[in-house]
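> just a sequence and a predicted model for now, questions to come.
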Number of protein chains: 2
Amino acid sequence: MTKHRNRLLAALPAADLNLLEAYLQPIQLEKRRVLEAPNRTIDYVYFPETMIASVVAVCGREERIEIGLIGCEGMTGMPVLMDDQRTPHSTYVQVEGEALRVESEAFRKLLAQSPSLHNRLLRFGQVFTAQIAQTALANGRAKLEQRLARWILMAHDRTVADVVTMTHEFLAVMLGVRRASVTVALDGFEKKGVIEARRGSITVVDRKAIERMAGHFYGVPEAEFKRLIA
Amino acid sequence: MTKHRNRLLAALPAADLNLLEAYLQPIQLEKRRVLEAPNRTIDYVYFPETMIASVVAVCGREERIEIGLIGCEGMTGMPVLMDDQRTPHSTYVQVEGEALRVESEAFRKLLAQSPSLHNRLLRFGQVFTAQIAQTALANGRAKLEQRLARWILMAHDRTVADVVTMTHEFLAVMLGVRRASVTVALDGFEKKGVIEARRGSITVVDRKAIERMAGHFYGVPEAEFKRLIA
DNA sequence: CTGTCTCCGTACGTTTCCGTACTGAGAAAG
DNA sequence: CTTTCTCAGTACGGAAACGTACGGAGACAG
């Protein structure tokens, strides 16, 4: 047994990890790769290592917004834990990198075989639900600056370096705002010296300051993670 | 075995329902009663019959917003299904009425005893997650009129009559907007003849029209419910 | 029946963000 | 090296919703 880079796996009891490890396949995932398409069967469950995935709610062709971010702290494929095999949402790779994946049929059988494993992973479901709820709260009550700060912090939590590779355009889609609004807001961040913006990337310079900007719109799911997993 | 008014219970396989029924206590719940307080142990799981509960995300003392509505189609206490006993959110009675409840420790044991029951209820978790996600989407991208239409439809789905007892003030808190904005919007609804507004209540007159106003911000979790439960 | 309280209608100036769109700068392709 | 393409910065008028606040109308208690 290796010490896993995925924190959810790293926190599993030895017995459950052993059970799962036989089925884990390492895979490199490129940006924009679709991991789950709306209302299609979920083929694999992914445990990100350096990769980061976005979960996006879509309706019609127009309206879309990110509801959650999954990186080395968690897993994709929540519906498989919920006795289901599909989701109305879309999940794709936001930051390329490595992950471990399990064929979801096999995964399903493992869950049935080990209630302990199932429960352990359901706890992450609880964390992720808190994240979606926090997104709903931020979308409804926060200013763009706060929401952007929150997003940068969440991405930062899931990267090894302090650099997040992301265009304003993409970020705008995630937050459900205009591309130009993101540009203006990020410009403000840079002038305050809390980030460095390059073409297609953002570097975190002063994390504490960003946390202050996000206020209490950041932190609830993170606290849940500490409480339930780590 | 009675045919239950709670649709989630009504859809349970006979064996699981029998198991559960021994523990179900009927209870009448008054408006504003707190069912789950943030970060406190959840004592009971509620299956609403005529009652409707709101799940609200809070942070600090100021910022709060409704993330979900639970009525006769579901249950409260999702964290108990997720191997947890608390939640950062707040759950309280929005529309008074009857419910069945189970002591959560007993409930926990039943889930361990019957994986089939557990899975069945987890499916509702999947539906509820879709509802939170849809709320996040609506909060980020919809106009107030659409969000209000969505809320009325969701409340209407969970009431027997066409009347929802609710002040503008309360509705404003739920949607995270000004009380005055709600008044103006509801006024518009009434002038279009889709609702009738009385002091402290809203009566649905033309549901189809309200559905058109909500557009695709309404319907995704409802479809999930049909697919997974009914 | 009168006073009090809750709830609703309305108003006005202000903030935030939108829609649209033009321009320049950096990166990639020929 | 030049063309092409993607990405970022900036601008301007407009819509949506905000904060605040005043007054009236229905409900309820004394």
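In hand now; what should we look at?

> got the contact list for the host helix or strand of A:Met174?
For A:Met174, the host element (DSSP states H and E) is helix A:168-175. Residues from elsewhere that reach helix A:168-175, judged by CB atoms under 8 Å, 6 or more residues apart in numbering or on different chains: A:54, A:56, A:64-66, A:94, A:144, A:147-148, A:151, A:178-179, A:181-183, A:186, B:140. Just so you know, the C-beta spots here come from the backbone N, C-alpha and C atoms, and that holds for glycine as well.

> these in helices, which ones?
Among the contacts of helix A:168-175, DSSP state H puts A:Leu144, A:Arg147, A:Leu148, A:Trp151, A:Arg179, A:Ser181, A:Val182, A:Thr183, A:Leu186, B:Gly140 in helices.

> count of neighbours near the fourth one?
Read it as A:Trp151. 23 (other CB atoms under 10 Å in any protein chain shown).

> same deal with the third one?
For A:Leu148, the number of neighbouring residues by other CB under 10 Å comes to 26.

> the helix holding A:Met174: how far from the chain's middle?
How far helix A:168-175 lies from its chain's middle: 15 Å, per CA atoms, centre = their mean, to the nearest Å.

> would you mind writing the CA trace of it as PDB?
Output in PDB follows, covering the C-alpha atoms of helix A:168-175 (Å, rounded to 0.1, in the frame of the first residue of the first chain):
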ATOM      1  CA  HIS A 168     -11.000  34.800 -17.900                       C
ATOM      2  CA  GLU A 169     -13.500  33.400 -20.400                       C
ATOM      3  CA  PHE A 170     -13.600  30.000 -18.700                       C
ATOM      4  CA  LEU A 171     -13.700  31.500 -15.300                       C
ATOM      5  CA  ALA A 172     -16.700  33.600 -16.400                       C
ATOM      6  CA  VAL A 173     -18.600  30.500 -17.500                       C
ATOM      7  CA  MET A 174     -17.900  28.900 -14.100                       C
ATOM      8  CA  LEU A 175     -19.200  31.900 -12.200                       C
END
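
> identify each buried residue in it, please.
For helix A:168-175, a neighbour-count test (16 or more other CB atoms under 10 Å in any protein chain shown) marks A:His168, A:Phe170, A:Leu171, A:Ala172, A:Val173, A:Met174, A:Leu175 as buried.

> and if you look at stretch A:213-230?
Of all the residues in stretch A:213-230, those buried under the rule 16+ other CB under 10 Å are A:213-222, A:224-225, A:228-229.

> that stretch: how far from the chain's middle?
13 Å.

> repeat for stretch A:129-139
Distance of stretch A:129-139 from the chain centroid (CA atoms, centre = their mean) equals 13 Å.

> what about that stretch and chain B, any contact?
Yes - residues of stretch A:129-139 contacting chain B under CB under 8 Å from any CB of the partner chain: A:Thr129, A:Ala130, A:Ile132, A:Ala133, A:Gln134, A:Thr135, A:Ala136, A:Leu137, A:Asn139.

> which residues touch that stretch?
With CB under 8 Å, 6+ apart as the test, stretch A:129-139 has contacts from A:65-69, A:146-147, A:150, A:176, A:217, A:220-221, A:224, B:57, B:59, B:63-65, B:67, B:78, B:82, B:87-89, B:129, B:132-133, B:135-136, B:139-140, B:176.

> next: stretch A:19-32.
The contact list for stretch A:19-32 (CB under 8 Å, 6+ apart) reads A:1, A:9, A:12, A:35, A:46-47, A:51, A:92-103, A:106-107, A:110, A:113-114, A:117.

> mind doing that once more with 6 Å?
Residues from elsewhere that reach stretch A:19-32, judged by CB atoms under 6 Å, 6 or more residues apart in numbering or on different chains: A:Met51, A:Tyr92, A:Val93, A:Glu96, A:Glu98, A:Ala99, A:Leu100, A:Arg101, A:Val102, A:Ala106, A:Leu110, A:Ser114.

> wondering if it reaches DNA strand D at all.
No - Stretch A:19-32 is not in contact with DNA strand D by CB under 7 Å from any atom of the strand; minimum separation 10.1 Å.

> show the average pLDDT along that stretch.
The average pLDDT within stretch A:19-32 is 96.

> any figure for the gap between A:Asn39 and B:Tyr218?
Using CB to CB, to the nearest Å, one gets 17 Å for the distance from A:Asn39 to B:Tyr218.

> on that earlier part again, out of the contacts of stretch A:129-139, list just those in strands.
The members of the contacts of stretch A:129-139 that map onto strands under DSSP state E are A:Ile65, A:Glu66, A:Ile67, A:Gly68, A:Leu69, B:Ala57, B:Cys59, B:Glu63, B:Arg64, B:Ile65, B:Ile67.

> my understanding was that the first one contacts A:Val177; is that so?
No - judged on CB atoms under 6 Å, A:Ile65 makes no contact with A:Val177 at a distance of 9.4 Å.

> and the two? Which one has more around it.
A:Ile65 (22 against 18).

> report the beta-bridge partner residues of the more buried one.
Taking DSSP bridges as the rule, A:Ile65 bridges to A:Ala57.

> contacts only, for it.
Contact partners of A:Ile65, counting by CB under 6 Å, 6+ apart, are A:Ala57, A:Gly176, B:Leu137, B:Gly140, B:Arg141.

> so can I have CSV of the residues you listed showing neighbour count, pLDDT and distance to A:His156?
Formatted as CSV, the contacts of A:Ile65 follow (neighbours: other CB atoms under 10 Å in any protein chain shown; pLDDT from 0 to 100; distance: CB to CB, whole Å):
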residue, neighbour count, pLDDT, distance to A:His156
A:Ala57, 29, 97, 23
A:Gly176, 20, 97, 21
B:Leu137, 27, 98, 24
B:Gly140, 23, 97, 21
B:Arg141, 19, 97, 25
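
> check these one by one and keep those near DNA strand C.
Subset of the contacts of A:Ile65 in contact with DNA strand C: A:Gly176, counting by CB under 7 Å from any atom of the strand.

> buried ones in the helix or strand hosting A:Val127?
Taking DSSP H and E as the criterion, A:Val127 maps to helix A:115-141. For helix A:115-141, the neighbour count (16+ other CB under 10 Å) marks A:117-141 as buried.

> what does chain A put close to DNA strand C?
Contact residues (CB under 7 Å from any atom of the strand) of chain A with DNA strand C: A:Lys143, A:Leu144, A:Glu145, A:Gly176, A:Val177, A:Arg178, A:Ala180, A:Ser181, A:Arg199.

> from A:Val177, how far out is the second one?
A:Leu144 sits at a distance of 6 Å from A:Val177 (criterion: CB to CB).

> before we move on, the earlier item: next step: the buried residues of stretch A:213-230 restricted to helices.
Those of the buried residues of stretch A:213-230 lying in helices (DSSP H): A:Met213, A:Ala214, A:Val220, A:Pro221, A:Glu222, A:Glu224, A:Phe225, A:Leu228.
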